[in-house]
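[1] pasting the sequence and the predicted model now:
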Amino acid sequence: MTLIELSDVQEAKKRIEKFVHKTPLLHSQTLSKFSGFDLYLKLENFQRTGSFKPRGALNNIMSLPEKPKGIVTASAGNHGQALAYAGKIEHIPATIVVPDGAARSKIDAMRDMGATVIEHGKVWDDAYQKCLELAEDLGLLIIHPFNDPKTIAGQGTVALEILEKQPNTDAIIAGIGGGGLLSGIAFTAKTLKPNIKIFGVEAAGGPSMLKSLEAGHPIELKHVNTLADGLASRTVGSHTFEITKEFVDDVVMVSDQEMIAAIWLLLERCKILAEMAGASSVASALNKKIPLEAGSKVVCVVSGGNIDLSQLSEFIQHQQNKHK
Ligand SMILES: Cc1ncc(COP(=O)(O)O)c(C=O)c1O
């Protein structure tokens, strides 16, 4: 049985459209020049809560047959914010477990939306263990950040919007954490336009999807080492793995330094603020990691913009020192 159908994504779009923005798709001359592609940016940093995540979270919660007494998830931040937002809209108490050191701006935003935030563990997978315990002890419903057909269908609405606005897109690039965003986009875009190319980007310090594809099944990395919290997952999902295997053309890696340089360029030249994971797609295009002909019409999904300002100022300082 197919995990999701195109109709699931189309229904997701209708279900969530009152509560999410149709984000801009902007052409960038500067990034086209530097990458050699005809480069567009799908600006999910301008999505509600600052990332694409409300698409999946809202679709998930709004499809539930009955309201749970509470919802819980583990999230490096953006899915947590999205769940806090969805809980607020649907009047369901939300509890979010985040790994220690998650961006303060993201935690504050979740609390502002009324969610309970618990800091636990080093990386996402540790936080997820805590989330399982809370669900069991308190009877809360777990909303998985990526490995759930409703979440994947919600994220697929990004591809519907891209192809609606720019039907002659040759390729879409997006970052991979657990693989929900990329698998939603890949399934949707390839179903609508089989000859489109789809590329996923991982942090070099946490290539869980690449290693899983090499192994032929989802594997667990012993550790991850990247500042890109949205990409720092030790595992990928069983569903996201299967969809990626079938619909994604290639998965490439970028270094933290390449993402920092992309953040800097996006800010300085395009006036766009991206977080590390959000800039990973642009980093891959700028560093010639994407095997496509020059001039191809490429959409980079800028998947989020939730960066701590103190971290941003460090990056700016770092890049300025490099350019001296
Ligand atoms: C900004 C951003 N981009 C990309 C991703 C990766 O999404 P997924 O876990 O669905 O692969 C995340 C995940 O948290 C994120 O926050």
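    Okay, I see it.

[2] so where's the stretch 51-200 of the chain shaky on pLDDT?
    76 (pLDDT under 70).

[3] quick one: the strands in the stretch 101-250 of the chain?
    For the stretch 101-250 of the chain, applying DSSP state E, counting those that start in this stretch gives strands covering 116-119, 141-142, 171-175, 197-203, 250-254.

[4] how far is the longest helix seen in the chain from where the chain is centred?
    Counting residues, the longest helix found in the chain (DSSP state H) is helix 149-165. Chain-centre distance of helix 149-165: 12 Å, with CA atoms, centre = their mean, to the nearest Å.

[5] same thing with stretch 262-269?
    For stretch 262-269, the distance to the chain centre is 19 Å (CA atoms, centre = their mean).

[6] just the element for the nearest residue to Ser32 once chain neighbours are set aside, please.
    Nearest non-adjacent residue to Ser32, counting by CB to CB, 6 or more residues apart in numbering: Leu39, 4.5 Å away. Using the backbone N, CA and C atoms, a C-beta is placed for each residue, glycine as well. Remark: Leu39 resides in strand 38-43, with elements defined by DSSP states H and E.

[7] neighbouring strands of that strand in the sheet, and parallel or not?
    Using DSSP bridges, the strands paired with strand 38-43 are strand 25-27 (antiparallel), strand 297-302 (parallel).

[8] now render the ones you listed as a markdown table, adding distance to Asp148, mean pLDDT and mean neighbour count.
    A markdown table is the format used below for those (distance: least, CB to CB, whole Å; pLDDT from 0 to 100; neighbours: other CB atoms under 10 Å):
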| stretch | distance to Asp148 | mean pLDDT | mean neighbour count |
| --- | --- | --- | --- |
| strand 25-27 | 26 | 98 | 15 |
| strand 297-302 | 20 | 98 | 28 |
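
[9] could you redo these as a markdown table and give each row distance to His323?
    Conversion of the strands paired with strand 38-43 to a markdown table gives the following (distance: least, CB to CB, whole Å):
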| stretch | distance to His323 |
| --- | --- |
| strand 25-27 | 25 |
| strand 297-302 | 23 |
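
[10] which one of those lies nearest to the ligand?
    Set against the ligand and scored by CB to the nearest ligand atom, those come closest in strand 297-302, at 7.9 Å.

[11] ignoring the adjacent residues along the chain, who's closest to Lys165?
    Spatial nearest neighbour of Lys165, chain neighbours left out: Leu25 (4.8 Å); criterion: CB to CB, 6+ apart.

[12] so who does the one you found touch?
    By CB atoms under 8 Å, 6 or more residues apart in numbering, the residues touching Leu25 are Tyr40, Leu41, Lys42, Leu43, Glu161, Ile162, Lys165, Gln166, Val299.

[13] one more pass at 6 Å, please.
    Leu25 is in contact with Tyr40, Lys42, Lys165, counting by CB atoms under 6 Å, 6 or more residues apart in numbering.

[14] buried subset of those?
    Neighbour-count burial within those applies to Tyr40, Lys42; the criterion is 16 or more other CB atoms under 10 Å.

[15] out of the contacts of Leu25, who's nearest the ligand?
    Of all the contacts of Leu25, the ligand sits closest to Lys42, with 11.7 Å by CB to the nearest ligand atom.

[16] who does that closest one bridge with?
    Judged by DSSP bridges, the bridge partners of Lys42 are Leu25, Val301.

[17] which pLDDT value belongs to it?
    For Lys42, the pLDDT comes out at 98.

[18] quick one: it and Phe241, what's the gap?
    24 Å (CB to CB, to the nearest Å).

[19] repeat that for Pro65.
    Distance of Pro65 to Phe241, given as CB to CB: 27 Å.

[20] can you check Ala203 too?
    The gap separating Ala203 from Phe241 is 17 Å, by CB to CB.

[21] for the closest residue to Phe37 other than its chain neighbours, give me its contacts.
    In space, and not counting its chain neighbours, Phe37 is closest to Val298: 4.2 Å by CB to CB, 6+ apart. Going by CB under 6 Å, 6+ apart, Val298 touches Phe37, Leu39, Ala171.

[22] may I see these arranged in a markdown table, with distance to the ligand and neighbour count as well?
    Formatted as a markdown table, those follow (distance: CB to the nearest ligand atom, whole Å; neighbours: other CB atoms under 10 Å):
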| residue | distance to the ligand | neighbour count |
| --- | --- | --- |
| Phe37 | 20 | 25 |
| Leu39 | 18 | 25 |
| Ala171 | 17 | 21 |
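
[23] any idea of the pLDDT on Leu265?
    On the pLDDT scale, Leu265 is placed at 96.
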